[in-house]
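A.B. asks: Here you go, sequence then predicted model.
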Amino acid sequence: MASLESLRFLFITGKGGAGKSTVAAALSLALADRSRRVLVAQCGKDRLSTLFGSPPIATEVVKVRERVWAVVLGRDAALDEYGALMLKSRRISRALFENRTVRSFLRGVPGLNEWAMLGKAWYHSVETLENGQPRFDVVLVDAPATGHGLGMLRVPKVILEAVPSGLLRRDAQQAWGMFADPRQTGVLVVTLAEEMPTNETIELFSIVRDELELPIARLIINCLLEPVFSDAERLQLLRYQRAPLHEISSEADSGKAALQAAIRRAAREQVQQDNLRRLQSLGAKTSSLPMVFEDPDRPSAIERLARELSNAVKLDD
């Protein structure tokens, strides 16, 4: 498996609320710090401008940091943009895609909007400058949450199985070849060490590995708490968890509020430990990010997380 630093396309997905956009922004800074030209392509509404501290980001590629660019992949705009790229003419594309009948028909084609967004992101990963050099070294797709993200990943394969020869099939075939190549592409899964996100991550791994046969580049476990208690201390505190406080020995009477807080913390740490073991059993390369107690949407928090991720992007031994 290639390192994150050498890949050209990273598809970032995971359970909603796990911090995909935060990880995408932080990873882009970590890669840029290693002299990579990075494009972050966000599906849906713009959150990246808040994370980068930049002006609002729309459907045109804009520079947000040194060696970092960003773009929003809106459904309708991506269809127009991808159509222009595919037809090699924005004028012809507008004449076709702005036709009300054509647009109504296209909206009824299963997966086409998803492919337009993914296809536009893929196009940027192979886009070249006039001198023949790649415009970007790596494209990070801040994809939808697990269910919709998997649907987006499935689309090129569906096109290959169902669509006859033509421009659409040609692009899907080239993109799928790149997505399946672990030297160029990887799926990066973001999760939390909690029960529901862990369950969803285990299912996601099964589908990506077994059904789609795509390479998983790394598992990022976000928002990890630094343990306060040892295993023995945690076990002792959890014995109090089910006991009414008035039954706890008088030695603890003066600190019952503190004891309640300690019990809650110990329970949370135990849940984290149990789910970390389940996630580690997946056998993926894993990196972790600490819980950030300041506003995680602030650029300063993203810069801190980028430093935490710096080791994850280094070339493997």
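C.D. replies: That came through, no problem. In this text the structure is predicted, and so the values were computed from the model without any measurement.

A.B. asks: Now do the helices in the chain.
C.D. replies: Assigned helices in the chain, in chain order: 20-32, 48-52, 75-87, 90-97, 100-107, 112-126, 146-162, 167-179, 195-206, 231-239, 256-280, 299-309 (criterion: DSSP state H).

A.B. asks: what about those, which gets the closest to L39?
C.D. replies: Between L39 and the helices of the chain, the shortest gap by CB to CB is with helix 112-126, which sits at 5.5 Å. Every C-beta, even on glycine, is put in place using the N, C-alpha and C of the backbone.

A.B. asks: Would you mark the buried spots in the closest one?
C.D. replies: Of the residues in helix 112-126, those with enough neighbours to count as buried (16 or more other CB atoms under 10 Å) are 112-126.

A.B. asks: on that earlier part again, quick one, which of the helices of the chain gets closest to I221.
C.D. replies: The closest of those to I221 is helix 256-280. By CB to CB, the value is 6.2 Å.

A.B. asks: name the helices or strands packed onto the closest one?
C.D. replies: In terms of contacts (3 or more CB pairs under 8 Å, 6 or more residues apart in numbering; DSSP states H and E), helix 256-280 is packed against helix 195-206, strand 216-224, helix 231-239.

A.B. asks: Isn't K15 up against T198?
C.D. replies: No. The pair K15 and T198 fails to qualify as a contact (CB atoms under 8 Å) at a distance of 9.1 Å.

A.B. asks: hey, what's in contact with both of these two?
C.D. replies: Contact criterion CB atoms under 8 Å, 6 or more residues apart in numbering; residues shared by K15 and T198: 191-192.

A.B. asks: still on that earlier bit, okay, the helices of the chain in a markdown table with distance to A217 and mean pLDDT next?
C.D. replies: Supplementary listing: the helices of the chain in a markdown table, determined by distance: least, CB to CB, whole Å; pLDDT from 0 to 100:
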| stretch | distance to A217 | mean pLDDT |
| --- | --- | --- |
| helix 20-32 | 11 | 96 |
| helix 48-52 | 21 | 96 |
| helix 75-87 | 24 | 60 |
| helix 90-97 | 33 | 50 |
| helix 100-107 | 32 | 47 |
| helix 112-126 | 14 | 86 |
| helix 146-162 | 13 | 85 |
| helix 167-179 | 12 | 87 |
| helix 195-206 | 12 | 96 |
| helix 231-239 | 32 | 89 |
| helix 256-280 | 15 | 91 |
| helix 299-309 | 13 | 93 |
